[in-house]
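Student: Fold the following.
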Amino acid sequence: AYIVNYDMPSRTAGSVHAAKMCQAFVQEGYSPTLCAFRPSSLDDANANFFHHYGVQESFDIDLISNRKLLRGHDFALKTAYRIKQGQFPLVFSRGLLSAMWTAILGIPTVYETHQPPETRLGQYYLRILLERKAFQKLVVISEGLKQRYLERYPRLLSSEQILVEADAVDLERFEDLPESRVARKKLNLLEEVFTVGYAGHLYEGRGIELILGVAGRLPDAHFLLMGGEEKDIHHWQQIIQSQQLENVRLVGFVPNAQLPTYLAACEVLLMPYQHNIRVQGSTISTHEWMSPMKMFEYMAAERLIRSSDFPILRPILNEQNAVLCRPESVEEWEQAIRDAMEKPEWRKKLAQQARRDVERYTWRRRVHRIMAQIEL
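Tutor: The predicted structure follows:
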């Protein structure tokens, strides 16, 4: 059973992560049942679950009601009870409360988290989980996050109990991508204009101000921003209009199934993370332990990556497969894009190296490495 404390289907990165992991479990020969929040309503874009996430393999889905006033407790208890009744041999949970209850019930439990517990209550739940015999492994996305857990829980966690697995990509969806101009024509975008892309949320810490600053300096380039909630899109659209940036376009939410074509439409892809980057609903910055899914999708798309230079990204991005520099320097970002416009062979060389480097970061290989260290 794979438990995730998100509405599914939805637009959250966590829900995409869950769908990709369940597909990878199927590809590795397992039969996962995905347990998630039942959304209150589904719009037309979300009607086809597997197409929404660009998932080719099907798996069982158990959507369970969740009352927000109970803060996940009812979902966790109902899910744990169903799993106990179904006699699942293993639980893989992205939700701390669910992991705690399945471990209390004696079901072998793996807990994956992408951040440290922020509240005293969360820390209390985690201690209960770690003290259970049924607890098997803690999966985190970076060495930085592993060290935080070891420092905070030295008596409850050993280094061997924590598995570090970065996020990943399903490479099969990025095979035979069209050339940038062909992709732009397919998407009804400006065909003949050098295009710089960004995919992701538009809230604080994502570097949207930096992108607009660079766009104002490069009127000959077109900037394509993919993603964002409606309120954030409206906020930035007003700023774009006030600054008269005619070379910036917000396309809104792009289903993961369509994302490869949108990324292929760009010559350069941006990751302008700032030091105050936060995940949705969190109050702490994640720049010291993050592992963005979009980084691996950018690499798979075989387009030049321009990223903020954070130590946590260095094990994957470097000067041979990307352009890295200070997140606050508009001048450096501008120059990097000018270089990409003027040096197509250099741009292509870095992009091709990124595509080779990402081959070990697939969802299927991620699941294989994790399950090789789990006792069933």
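
Student: ranges for the strands of this protein?
Tutor: Applying DSSP state E to the chain gives strands spanning 2-7, 33-37, 60-64, 91-93, 109-112, 135-140, 162-164, 195-199, 222-226, 248-252, 268-271, 304-308, 323-325.

Student: Contacts only, for residue 111.
Tutor: By C-beta atoms under 8 Å, 6 or more residues apart in numbering, the residues touching residue 111 are 93, 96, 99, 129, 135, 137-139. Backbone N, C-alpha and C define where each C-beta goes, glycine included.

Student: Identify the residue spatially nearest to residue 148, adjacent ones excluded.
Tutor: Distance criterion C-beta to C-beta, 6 or more residues apart in numbering; nearest residue to residue 148, sequence neighbours excluded, is residue 116 at 5.1 Å.

Student: Near that neighbour, how many other residues are there?
Tutor: Using other C-beta atoms under 10 Å as the criterion, residue 116 is surrounded by 18 other residues.

Student: That one contacts residue 150, doesn't it?
Tutor: No - applying C-beta atoms under 8 Å, one finds residue 116 not in contact with residue 150, separated by 11.1 Å.

Student: in this structure, which spans are helices?
Tutor: 13-27, 49-52, 73-86, 96-104, 120-131, 143-152, 180-186, 208-217, 230-242, 259-264, 293-301, 330-342, 344-357, 363-371 (DSSP state H).

Student: quick revisit: can you tell me which of the strands of the chain is most buried?
Tutor: Comparing those by mean neighbour count (mean count of other C-beta atoms under 10 Å), strand 91-93 ranks first with a mean of 28.

Student: chain center to stretch 100-118, what's the gap?
Tutor: Offset of stretch 100-118 from its chain centre (C-alpha atoms, centre = their mean, to the nearest Å): 20 Å.

Student: OK, contacts around residue 376?
Tutor: Taking C-beta under 8 Å, 6+ apart, one finds 89-90, 108 in contact with residue 376.

Student: For the buried ones among these, write the corresponding PyMOL selection.
Tutor: Applying 16 or more other C-beta atoms under 10 Å to the contacts of residue 376, the buried members can be selected in PyMOL as follows:
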select buried, resi 90+108
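
Student: From residue 363, how far out is the residue most central in space within the chain?
Tutor: With distances taken as C-alpha atoms, centre = their mean, the residue of the chain nearest its centroid is residue 293 (3.4 Å). For residue 293, the distance to residue 363 (C-beta to C-beta, to the nearest Å) stands at 10 Å.

Student: what does residue 244 give?
Tutor: 42 Å.

Student: Look at the two and report which has more neighbours.
Tutor: The residue with more neighbours, out of residue 244 and residue 363, is residue 363; 24 against 7, by other C-beta under 10 Å.

Student: residue contacts, residue 32?
Tutor: Counting by C-beta under 8 Å, 6+ apart, residue 32 touches 1-2, 22, 25-26, 59-60, 92.

Student: any idea which helix or strand of this structure has the worst average confidence?
Tutor: When the helices and strands of the chain are scored by mean pLDDT, DSSP states H and E, helix 49-52 comes last with a mean of 88.

Student: I'd like the distance from that helix to the chain centre, please.
Tutor: On C-alpha atoms, centre = their mean, the centre of helix 49-52 falls 17 Å from that of its chain.

Student: need the contact list for the residue nearest to the centre of the chain.
Tutor: 13, 16-17, 167-169.

Student: can we see that at 7 Å?
Tutor: With contact set as C-beta atoms under 7 Å, 6 or more residues apart in numbering, residue 293 has these partners: 13, 16-17, 167.

Student: can you list the strands of the chain in CSV and add distance to residue 123 and mean pLDDT?
Tutor: CSV is the format used below for the strands of the chain (distance: least, C-beta to C-beta, whole Å; pLDDT from 0 to 100):
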stretch, distance to residue 123, mean pLDDT
strand 2-7, 17, 93
strand 33-37, 23, 95
strand 60-64, 25, 93
strand 91-93, 17, 98
strand 109-112, 14, 98
strand 135-140, 14, 98
strand 162-164, 16, 98
strand 195-199, 34, 98
strand 222-226, 36, 98
strand 248-252, 38, 96
strand 268-271, 31, 98
strand 304-308, 30, 97
strand 323-325, 34, 94
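
Student: Out of those, which is closest to residue 375?
Tutor: strand 135-140 (6.8 Å; C-beta to C-beta).

Student: That closest one pairs with which strands, and in what direction?
Tutor: strand 109-112 (parallel), strand 162-164 (parallel) (DSSP bridges).

Student: right, and those strands - which one's nearest residue 338?
Tutor: Among these, if distance is taken as C-beta to C-beta, the winner is strand 162-164, at 36.8 Å.
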